[in-house]
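Colleague: For reference, the sequence and a predicted model appear below.
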Amino acid sequence: MYKAHTCSKFILFLVLTSFSVVTFAQTYVVGIEPSFPPWASVSEGEFKGIAPDAVRAIAEQQGFDVEFKSMSFPSLIPALEAGKIDILATGLTVSKKRAEVIDFTIPWWHINLVSLVKKDSGLNAITALCCGSDVGAQSGSTNNDWLTDNLVDNGIDINIRTYPDDTTGVQDLQIGRIDAYFIDSDTASLFIQKNSDSLRIAGVINPHPVSVYALGVKKGNDELLEILNKGEVELYESGEWADIIHEYLPGVAVGDVPGVLPPGISSYEEPIPGYSD
Ligand code: ARG
């Protein structure tokens, strides 16, 4: 009887401990739009790229689980606001407009903006973005905003054509439906690598304020922001960040994490949860 009692206690202990092991790790849903190599892509059903790989590595270091959810790019920020996803992971550019509705982690990468054109078009850095040019950009992207705010609103004559994803936009460029496609520098270089016989870079813009990438979380989710900021810094300091970057962009110079903070963004004017310097 005594033995049976001890034994059942032991079984109860085993059940409870294994149960707590199973339920311990929190699962965060990560939203991604995977037509954006090298930052976000999909291969044989698996999400690949710098952003998902880094989030998986942070999850392992910080002890949480992740589940990826593929969505169209313009639906990612509304999904974050509505709590349908917890983390937005792609080459997400930090912007003042976005900082009003979501919170950004510390920035981890710096990019430029590039005009892709057909190799045989006579366009240059200026003419690709003026004089009646049809310019493509991903809908809902900061590239689209940059063209509107800096060119259209200043009376520069371009027609912006938006695309649900960059692959479709670049295809339209190749068949001559648009004159230029305006895209982030890393992604542009991968498109060029794959289509070096038909595409080239006509011009590069280093925008002001700087264009930097970060992860996004729901506004006010300081607990997760703190985990991710700590995770980004630890990933960088452990050298794993550079390994991930070099897997996709061999030989590229890896900047410091945190990167340069763009000025005037409300979430950075207060102390950043999980990051102090
Ligand atoms: N960096 C740009 C932005 O944040 C474009 C990002 C596109 N990302 C993607 N997964 N398609 O607006």
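Modeller: Ah, there it is.
Colleague: Show me where the stretch 1-150 of the chain has its helices.
Modeller: 2-24, 50-62, 73-81, 96-99, 142-150 (DSSP state H, counting those that start in this stretch).
Colleague: tell me what the last one is packed against?
Modeller: Applying 3 or more Cβ pairs under 8 Å, 6 or more residues apart in numbering; DSSP states H and E, one finds that helix 142-150 makes contact with strand 133-138, strand 158-163, strand 180-184. Placement of C-beta: from N, CA and C, glycine included.
Colleague: Which of these has the highest mean neighbour count?
Modeller: Most buried of those, by mean neighbour count (mean count of other Cβ atoms under 10 Å): strand 180-184, with a mean of 26.
Colleague: Let's see it as PDB, backbone CA atoms only.
Modeller: Output in PDB follows, covering the C-alpha atoms of strand 180-184 (Å, rounded to 0.1, in the frame of the first residue of the first chain):
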ATOM      1  CA  ALA A 180      12.100  50.800 -63.500                       C
ATOM      2  CA  TYR A 181      11.500  48.800 -60.300                       C
ATOM      3  CA  PHE A 182      12.400  50.500 -57.000                       C
ATOM      4  CA  ILE A 183      13.600  48.000 -54.400                       C
ATOM      5  CA  ASP A 184      15.800  47.500 -51.400                       C
END
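Colleague: Can it be said to contact the ligand?
Modeller: Yes - contact of strand 180-184 with the ligand (Cβ under 6 Å from any ligand atom) involves residue 184.
Colleague: Centre of the chain to that strand, how far?
Modeller: Distance, stretch centre to chain centre, for strand 180-184: 16 Å (Cα atoms, centre = their mean, to the nearest Å).
Colleague: what does the protein put close to the ligand?
Modeller: Counting by Cβ under 6 Å from any ligand atom, the chain sits next to the ligand at 33, 35-36, 40, 73, 90-93, 138, 141-143, 184.
Colleague: list the contacts for the residue lying closest to residue 28 once chain neighbours are set aside?
Modeller: Counting by Cβ to Cβ, 6 or more residues apart in numbering, residue 28 lies nearest to residue 86, which is 4.1 Å off, once chain neighbours are set aside. Counting by Cβ atoms under 8 Å, 6 or more residues apart in numbering, residue 86 touches 28-30, 80, 217-218, 221, 224.
Colleague: For stretch 246-265, give me every contacting residue.
Modeller: By Cβ under 8 Å, 6+ apart, the list of residues contacting stretch 246-265 from outside reads 37-38, 49-50, 53, 94-96, 99, 104, 106-110, 186, 189, 209-210, 212, 232-233, 235-236, 241-242, 245, 268, 275, 277.
Colleague: how about that stretch: buried residues?
Modeller: Using 16 or more other Cβ atoms under 10 Å as the test for burial, stretch 246-265 gives 248-249, 254, 257-259, 261-262, 265.
Colleague: Domain ranges for the chain, per the record?
Modeller: Listed by automatic domain parsing, the domain ranges of the chain are 8-110+212-269, 113-205.
Colleague: and the nearest residue to residue 180 once chain neighbours are set aside, how many neighbours does it have?
Modeller: Residue nearest to residue 180 in three dimensions, not counting chain neighbours: residue 128, with 4.1 Å by Cβ to Cβ, 6+ apart. Residues lying near residue 128 (other Cβ atoms under 10 Å) number 23.
Colleague: So which of the contacts of stretch 246-265 are in strands?
Modeller: Among the contacts of stretch 246-265, DSSP state E puts 104, 109-110, 212 in strands.
Colleague: Now the weakest link among the domains of the chain, please, by mean pLDDT.
Modeller: Among those, domain 8-110+212-269 carries the lowest mean pLDDT, at a mean of 91.
Colleague: starting at the chain centroid, how far to it?
Modeller: Centroid displacement of domain 8-110+212-269 relative to its chain, using Cα atoms, centre = their mean, is 9 Å.
Colleague: Repeat that for stretch 156-172.
Modeller: With Cα atoms, centre = their mean as the basis, stretch 156-172 stands 19 Å off its chain's centre.
Colleague: cool, stretch 265-277 as well?
Modeller: Computed by Cα atoms, centre = their mean, the separation of stretch 265-277 from the middle of its chain amounts to 19 Å.
Colleague: Can you point out the buried residues in that stretch?
Modeller: Quick answer for stretch 265-277 (16+ other Cβ under 10 Å): 265, 267-268, 272-275.
Colleague: Equivalent analysis for stretch 110-120, please.
Modeller: 111, 113-118.
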